[in-house]
Structure formats: C-alpha cells, structure tokens
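[1] for reference, the sequence and a predicted model appear below.
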Amino acid sequence: MIAHPTRVLILVCLLDGARTVGDIQETLGIPQAMVSQHLAQLRTANVLSRRKVGRLAYYEVVDPRIEPLLRLLQGHPGVY
C-alpha cells in the first residue's frame, strides 16, 4: 500500500499529526483529487483514519508500523 511515491509523501506529511486534504495538497503541490484518491486507498488499508470537524475532514496515521518505517527511510538518499 505504501509503494506508491505519492502515498509515501502523504504519509510523511502526516507524521507530525492530522491534516486536511487541503493542507496536504498545498504542501505537496499536487491536485486535490489525487490527494483524495490516495487518502481513500490508505483508509481502505487501515493505515489512516478520518475525523470530521464541521465541514473539514482530518486524516491521521493509525497504523503504528508506519512512523518507524518512514523515519528509517528518511536517512536513505533518493527515498523522499
């Protein structure tokens, strides 16, 4: 599920806490529709959860294996 580079970047964005689709889109500079599609796939795989606050949906990492994996990859050139 995390083999796609965009999904990895989205997960990196979420390492510091929950964010909205707009926050992620702005940070990564990719179309909102693309962000939404990847978030849906990550939710289906139970990697992320979504919490609604009014009209906004906040996404956060819920799989405890993700953060250590991404932290490990940060030290390798060309990963992200």
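    Perfect, I can see it now. Remember, predicted model here, so these are calculated numbers, not experimental data.
[2] rest of the way, CA atoms for contacts and neighbours
    Fine.
[3] quick one, helices of this structure?
    5-13, 21-28, 32-44, 66-73 (DSSP state H).
[4] of all those helices, which one comes closest to residue 57?
    helix 21-28 (7.4 Å; CA to CA).
[5] thinking again about what came up before, can you say which of the helices of the chain is packed in most?
    Sort the helices of the chain by mean neighbour count, taking mean count of other CA atoms under 10 Å, and helix 5-13 sits at the top with a mean of 18.
[6] packing partners for that helix?
    Under the contact criterion of 3 or more CA pairs under 8 Å, 6 or more residues apart in numbering; DSSP states H and E, helix 5-13 touches helix 21-28, helix 32-44.
[7] quick one: distance of stretch 45-58 to the chain centre.
    11 Å (CA atoms, centre = their mean, to the nearest Å).
[8] would you confirm that residue 57 contacts residue 51?
    Yes - in this structure, residue 57 is within contact of residue 51 by CA atoms under 8 Å, at 5.5 Å.
[9] low pLDDT regions in this structure?
    Counting by pLDDT under 70, the chain contains low-confidence ranges at 76-80.
[10] hmm, back to that, and the helices and strands packed on helix 5-13 as JSON lines, adding distance to residue 6?
    Converted to JSON lines, the helices and strands packed on helix 5-13 look like this (distance: least, CA to CA, whole Å):
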{"stretch": "helix 21-28", "distance to residue 6": "9"}
{"stretch": "helix 32-44", "distance to residue 6": "8"}
